[in-house]
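J.: Give me the fold of what follows.
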Amino acid sequence: MENKSIITIKYQKTFEETIQNSKFITNIFHISSEEESKNIIEMYNQKYNDATHNCYAYIVRKYRKV
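T.: Take a look at the predicted model:
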């Protein structure tokens, strides 16, 4: 049987970069559920409420025991 592993996020981290007078802020964090992701996204929407774009992506996986 093939051994599959997954890389995940261990710690929350924020990165900032300015390109041509535009500030890009990236936040990464581990989540365990879709509800948790929605709560965190809402928190960042409020924190950066003056942002013209707020993009996000997340994956929630449930594993089966073998």
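J.: Could you count how many residues lie near Cys55?
T.: The number of residues packed near Cys55 is 7, by other CB atoms under 10 Å. Any C-beta I mention is one placed from the backbone N, CA and C, and that applies to glycine too.
J.: now do Tyr58
T.: Summarising burial for Tyr58: neighbours were counted as other CB under 10 Å, giving 13.
J.: now do Glu42
T.: Using other CB under 10 Å, Glu42 has 10 other residues around it.
J.: From Lys62, how far off is it?
T.: 23 Å (CB to CB, to the nearest Å).
J.: mind listing the helices for this structure?
T.: Assigned helices in the chain, in chain order: 34-47 (criterion: DSSP state H).
J.: Nearest residue to the middle of it?
T.: With distances taken as CA atoms, centre = their mean, Ile28 lies nearest the centre of the chain, 4.2 Å away.
J.: show me the contacts for that one.
T.: By CB atoms under 8 Å, 6 or more residues apart in numbering, the contact list for Ile28 reads Ile9, Gln12, Lys13, Phe15.
J.: Show me the shaky parts of the protein.
T.: Low-confidence regions of the chain, defined here as pLDDT under 70, cover residues 1-3, 63-66.
J.: Show me which residues of stretch 8-17 are buried.
T.: Residues of stretch 8-17 classed as buried by neighbour count (16 or more other CB atoms under 10 Å): none.
J.: who's in contact with that stretch?
T.: Judged by CB under 8 Å, 6+ apart, the contacts made with stretch 8-17 from elsewhere in the structure are Lys23, Phe24, Ile25, Thr26, Asn27, Ile28, Phe29, His30.
J.: Tell me the one of those residues nearest Ala51?
T.: Top of the list for closeness to Ala51, among the contacts of stretch 8-17 and by CB to CB, is Ile25 at 7.8 Å.
J.: State the distance from the closest one to Thr18.
T.: Separation of Ile25 from Thr18 (CB to CB): 10 Å.
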